[in-house]
Each structure stands twice: as structure tokens, then as C-alpha cells.
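> I'll drop the sequence and a predicted model, then ask my questions.
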Amino acid sequence: MNFYQELQLNQAGSKSYIASFKNPKDKCKHIAVYLFKIALVVAFCVSFVTLFSVLFGNENSIAGVVVLLCVLAVRYSDLGIQNSQGTLGILFIYGILAFGPKLSNLAPTGLSFCINLICIFALALIGCHNITMFNHSTFVLSYLLLFGYDVSGKAYQMRLISLLIGAVLTASILYFKHRKVEYKRSFMDLFKEIHLSSSRTRWQICLSVGISSAMLIAALLNVPRVYWIGIAAMSVLIPFRKDVEYRTKHRVLGNILGSAIFFISYLILPEEIRPCLGIIGGIGTGFSASYVWQSAFNAFSAITVAVPTFGLAYAVLLRIFTNVFGSIYMWLFNRVFDPFLLFINQIFERPKRITTTS
């Protein structure tokens, strides 16, 4: 494996590759490559988001995060359809990201639920036909982040411009990175393949209804940071049911652990270093190969942003509550709703079978 190929490995791949070497000198060499990769990724991400902040205002740094997530995602995965039409899919996705979160924030609670439901389902449908690519974790996360960091007036106009640029950039990268991959499936085939007998369709429906209903309950209870609940729910409901329980347990454990470490660190560290806890969390996530530690370090960044608004104790407790509620709610919801969808499908399929038999 050459230097460039080693840089392409994810955290688990890098750690496994390092462990394969017995010679301490070789281990140190590849550990150095791993550390260089982490530093390179962090530097690139910080520079990219900072550039967006400079060009479009600090309120739109989150738009930089969204574009960065999408760009990194399409470098490695396509949309599972003809490449030329995949670029069309990207434009649809960015259209949802540009207007969906804004409309949801402006709408009354009930209508907001409907908007979230439609938008999240559309993102899962268009962006995650090949469920093994996990593209929903990028596109739905982007929607929830933009929902949580809403802006208005001039800042929203700048956000639209930033997302338009992001759409062109993401579509271009998708096209050139995957132009040699051939699919017969078109953009419209994504809609034709919707059926309750498909585990993919049921998962997409469960994902959209589950996230939207969890956020609806939180909104009705006046819980702050409802998008944290949405992100937790999205994170545990992956397409493979056997792993949902694992993710639920480790999401809860990771956030409790990360919140506790953050709380202690915030009290111990000098005041001028405390704002750096968010960056430390980002670096920690980059080093983490396990889901529990990724969840723990993700809590650092979220709580760092929340402390100025809520204070330390409330921000920590809010982080724990939203993630415990979102994770467990989605686990329970999926266990009930997926069998319900199967039952509904059987009811509609039964008359067809009777007619065919006759």
C-alpha cells in the first residue's frame, strides 16, 4: 500500500493496517502517516468552513459544514442512478436543503412536522437508494443542521447563494468521480421502486416518520435544540435492523460519557482554553474508530456551542436528555412501525392475490 492509498483509509482501516505490522519501526512509521492524515483532514475542514464564514458571514458557517459533508460523501459514493441524472439528484437535494428547513421553522408545529416528514423522506429516497452507502447520514444530517441553525433576512439570502455554489461543486465532483460507473436506473426509477414490500422503502418511511415525530413531541414539550433529538434518532436507525440496538446502546452510553468528560474538563481547564473543547472533540472524533467514542467526542462540539446560551450544567443535561430520548424513541418506534407497514402491505396485497387466483 503506497502513501496515497494509506491516506484514503478510514479510522478503523488505518488502525487495522497499523496493527498488522510487528516491527516497532514500521508501526511508528505508519502511526506517523495516520497522525498526518488526521492533521490534514482537520486543517482542510477548518479552512473550508472558515472560507464559507468569510464569504457568507459567520451565521452561515454551518452552510460550509453542510457543503463539506456533501462533497466528502460524493467523493466515495454515488446515488445509485445514471451519473448524468445523479447530478440532477444533487440539485434536488440542495433545493430541499435550501428551502425545507426554512419553511419548517416558519410553519406552525403541525405543519412543520409535515414539512420535515416530506423533506426527510425525499432526501432518503433520492440520496440513499443504495443503502449500503449510508448517504442519508450526510443529507439528512445536513437538513437537521440547517434547521437547527436557522437564519433570516440578508443572512438567509447569503445562505441560498452558498448552497447554490455548494450544489454546483457537489454535482461536479459526483459527475467526474463516478463518470465511468454505469447504471440503467434513472432518476424517475427511484420513485417507481417505492413499495411497502421493499425493506428499503419501509426503512425510508420509518426514518422520515420517526425523526419528524420525535421532533414534533420535543417541540410540543418546548424542549430546546429539537434537532439534537432528530440527529440522535437518525443516527441509530441505520438500514440494517440487527445493528439498530447496538447503535442505540452505544449512542446513549457515548453521549453520557462524552458529556461527563466535557463537564469535568470545562471545570478544570482555564477559561481561555474552554472554547477549544469543540475543536478537541472534532479531533477526537477523527481518531475514533468505535461508534461509542465517536458519539462521546461529538458531544464536545455540540455542548461547546450550547454553553453560552444555556450555561454549563443545563447544556450538559440537555445534551444527555435529547440523545437518550431520541435514541430510545427511534428504537421503540422502529420495532412497532416497521411491522405495522408490513401488515398494511399484506392487507393491500391480499386482494391482488385473490384476483390473480380467480
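Nice, I can see it. Numbering: from 1, shown residues only.
> Only C-alpha atoms from now on, for both contacts and neighbour counts.
Noted.
> mind listing the helices for the stretch 1-150 of the chain?
Using DSSP state H, counting those that start in this stretch, the helices of the stretch 1-150 of the chain run over 3-7, 11-19, 24-56, 61-76, 83-106, 109-127, 136-148.
> mind putting those in CSV, distance to Phe333 and mean pLDDT included?
What follows is those, written out as CSV (distance: least, CA to CA, whole Å; pLDDT from 0 to 100):
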stretch, distance to Phe333, mean pLDDT
helix 3-7, 39, 65
helix 11-19, 30, 71
helix 24-56, 35, 82
helix 61-76, 28, 91
helix 83-106, 22, 94
helix 109-127, 15, 95
helix 136-148, 18, 93
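> Please work out which of the ones you listed is packed deepest.
Highest mean neighbour count among those (mean count of other CA atoms under 10 Å): helix 136-148, with a mean of 23.
> Mind listing residues that contact the one helix or strand Phe176 maps to?
Using DSSP states H and E, Phe176 sits in helix 154-177. Under the contact criterion CA atoms under 8 Å, 6 or more residues apart in numbering, helix 154-177 has outside partners 52, 56-57, 59-60, 63-64, 67, 70-71, 74-75, 78, 83-84, 86-88, 90-91, 94, 98.
> buried residues in it?
By 16 or more other CA atoms under 10 Å, the buried positions in helix 154-177 come out as 155-156, 158-160, 162-164, 166-167, 170-171, 173-175, 177.
> what's the answer for stretch 240-253, then?
So, applying 16+ other CA under 10 Å, buried residues of stretch 240-253: Val244, Glu245, Arg247, Thr248, Lys249, His250, Arg251, Val252, Leu253.
> So what's the gap between it and the chain middle?
Mean C-alpha position of stretch 240-253 versus that of the full chain (CA atoms, centre = their mean, to the nearest Å) differs by 16 Å.
> Could the C-alpha coordinates of that stretch be exported in PDB?
C-alpha atoms of stretch 240-253 as PDB (Å, rounded to 0.1, in the frame of the first residue of the first chain):
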ATOM      1  CA  PHE A 240     -29.700  -2.900   9.000                       C
ATOM      2  CA  ARG A 241     -32.000  -3.800  11.800                       C
ATOM      3  CA  LYS A 242     -29.600  -6.000  13.700                       C
ATOM      4  CA  ASP A 243     -27.300  -3.000  14.300                       C
ATOM      5  CA  VAL A 244     -30.000  -0.600  15.500                       C
ATOM      6  CA  GLU A 245     -30.000  -2.000  19.000                       C
ATOM      7  CA  TYR A 246     -26.200  -1.800  19.100                       C
ATOM      8  CA  ARG A 247     -26.300   1.800  18.000                       C
ATOM      9  CA  THR A 248     -29.000   2.800  20.500                       C
ATOM     10  CA  LYS A 249     -27.000   1.400  23.400                       C
ATOM     11  CA  HIS A 250     -23.700   3.000  22.300                       C
ATOM     12  CA  ARG A 251     -25.300   6.300  21.300                       C
ATOM     13  CA  VAL A 252     -26.700   6.600  24.900                       C
ATOM     14  CA  LEU A 253     -23.500   5.500  26.500                       C
END
